[in-house]
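Chemist: sequence first, then the predicted structure:
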Amino acid sequence: MSAFMSLLVCAYGLLIFTFYFVVKGIRPDCPAGANLGSHVQTLISGFRNNLSHIPGPWYSRFTSLVNHYHRIVGDELQWFHGLHQRYGPLVRPEPYVVATADPGHWEQVHRSRGIFMKIEFPLIVPEKFLFTLTDPHEHRIRRRLLARGLTLDTLRRNWEPAIRAKVELAVRCIKGEATSGVANVSRWWYIMASDVISLLSFGESFDMLEKADLKENDEFLTALQFVGFSMALQWLFPGPVLRLLKLVLPFQTVHDIINASNLVFARGSIAIRNLRAVNSEKPNLFSDMLAEADKAGEGGEKSKLTDETVRSEVAEFLVAGADTTAVMLTYIVWEVLRQPSLRSRLEAEVAALPPDFNDTDLLALPLLNGVIAESLRLHSTGSSPASRVVVQDGVTFNSLPIPAGTQVQTFTYSMARDNALFPDGERFDETRFDDEKQMPDLQRRIAANFGSGSRSCVGVALARMELRLTTALFFREMRGARLGPGMTDDMMEMRLRCFIYPKGGKCDVTLVDKMVQ
Ligand code: HEM
């Protein structure tokens, strides 16, 4: 890289870093736009910090900078895990934050009503979407409506063949590349998961898998890749700062990132058209939701699905449903391919399926389901810290008072590695869930890593179906596949920046013998 480019990259990093700390306050209730005063105030009040009785590093009484540093470099998961290993299940990583890796607390935080509230997010799209709704009543109504289209039954009835077709195409593309070289499965799973969630949300396919080679020219695919990051930026920085960033950093990528959520939001009109068309030939998830509401005799729900709601939820589904599923699939493939005997057994299990197998058949396969369950436990894309704010009069954890206003973060990454809950917790053991029925419910839910209580993952049935179909089709079609040359365990270390992703950013696989080191 030229000296000029290095300078530009440094300046960009410095700008982001400065804005992050100066513009964004650090209190959980501190909106974007709060100023440096919040940091200074926290520094001074560190001596009287009302969480000083919670174990944690000395600096966390005074500043959030260390946590923010780890957030920026991407190793927040490992940093949090290290804190829990050193200080125990209850830790203070920042002046106003308590992190817990205690399963009992996890249950309490996510299941008790009215004590822990979702953190307020600034309005990124014109209407709040499910994930950002904080009012429990509003959330309940919206959730009931959306969940109707996302049950396993509805998905199997209306979408399974279409999802399977996308998966088959992705596996064909991977096979095509891997036969003569290497295929980066991470990239293909991302395009496939984006195609699936777009098809379901809009009611028509943008055929991104077909256009994958032209990806640089595809405005929408680019926007999809950036939409999560774009939303995170809008959460961190107020509009004028983003406009200034666009002005001082006139690079196409910067513009693409900042504009991504607007572009995706604008495309929501396609979903609305297909939903509102009389006898639409292109129904989408929202049509399913209304049809299911009609069947349940709750046709009045129609009025709650306004155009703005549909646009916001489409944007949310695209963010929540693509990266999470794609990265999860990448870890499943990696875990199996790095263990040749496991790979052979799984290949044999899925090879024995009839050609016209369906998702119901897959539920009966012990090894396939064991591999998916164990991959979710160790590498779930849902294992980033989940935040809530304590309201009312506060709570008590392990006899330690946690005052109202504190942000509590539950951390399943550490729980899933806790030897007391999962013996030899760091080891991948595909038989761990063989006797799942004997396993306590709490343990099973922690391992599944789709959240808990009323705010758990509303897309869990879709995600699980995609994981089953894709894993089965991949190991049926790609018999003998191995990890590509140069793939190391270090490259697959989990990183967190908005979303969880492998540190190396890719997972190459190959079917060519001589390429394997
Ligand atoms: C392997 C894939 C996935 C994983 C690991 C995952 C994980 C999670 C987790 C842990 C939560 C709870 C977060 C919290 O407590 O704050 C969540 C919420 C959510 N997920 Fe997923 N998810 C996945 C796939 C999907 C898909 C495919 C969709 C799209 C339909 C989706 C939509 C959502 C939404 C809308 C919420 C917010 C629910 C609410 O607040 O009521 N997720 N997800």
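Modeler: Here it is on my side, so go on. Residues are numbered from 1 along each chain as shown.

Chemist: now for residue 448: which residues touch it?
Modeler: 373, 376-377, 380 (C-beta atoms under 8 Å, 6 or more residues apart in numbering). Any C-beta I mention is one placed from the backbone N, CA and C, and that applies to glycine too.

Chemist: ok, so of the residues you listed, who is nearest the ligand?
Modeler: The ligand lies nearest to residue 380 out of the contacts of residue 448, by C-beta to the nearest ligand atom, at 4.9 Å.

Chemist: counting neighbours, what do you get for the one residue in the stretch 251-400 of the chain that gets nearest to the ligand?
Modeler: Nearest residue of the stretch 251-400 of the chain to the ligand (C-beta to the nearest ligand atom) works out as residue 382 at 2.9 Å. By other C-beta atoms under 10 Å, 19 other residues sit near residue 382.

Chemist: quick check: pLDDT value at it.
Modeler: As predicted, residue 382 sits at a pLDDT of 91.

Chemist: what does residue 310 give?
Modeler: 86.

Chemist: the residue of the stretch 251-400 of the chain closest to the ligand belongs to a helix, doesn't it?
Modeler: No: Residue 382 is assigned coil when assessed by DSSP: H, G, I helix; E, B strand; the rest coil, not a helix.

Chemist: worst-scoring helix or strand of the chain, pLDDT-wise?
Modeler: When the helices and strands of the chain are scored by mean pLDDT, DSSP states H and E, helix 3-23 comes last with a mean of 50.

Chemist: residues in contact with residue 346?
Modeler: 336, 367-368, 371, 471, 475.

Chemist: now those residues in CSV, with distance to the ligand?
Modeler: Formatted as CSV, the contacts of residue 346 follow (distance: C-beta to the nearest ligand atom, whole Å):
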residue, distance to the ligand
336, 16
367, 19
368, 15
371, 14
471, 12
475, 18
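
Chemist: what's next to stretch 485-492, contact-wise?
Modeler: The contact list for stretch 485-492, computed with C-beta under 8 Å, 6+ apart, reads 182, 331, 334, 338, 502-508, 510, 515-517.

Chemist: got it, and stretch 426-437?
Modeler: The contact list for stretch 426-437, computed with C-beta under 8 Å, 6+ apart, reads 335, 339, 342, 366-367, 369-371, 373-375, 377-378, 417, 422, 439, 444, 447.

Chemist: in it, what counts as buried?
Modeler: Residues 428, 430, 432-433 are the ones in stretch 426-437 that count as buried (16 or more other C-beta atoms under 10 Å).

Chemist: now swap in stretch 105-118 and tell me
Modeler: By neighbour count on 16+ other C-beta under 10 Å, the buried set for stretch 105-118 is 105-110, 115-116, 118.

Chemist: then stretch 74-86?
Modeler: Buried residues in stretch 74-86 (16+ other C-beta under 10 Å): 74-77, 79-81, 83-84.

Chemist: just the closest of these to residue 462, please.
Modeler: residue 77 (24.8 Å; C-beta to C-beta).

Chemist: now do the contacts for the closest one.
Modeler: 383-384, 413, 494-496, 500.
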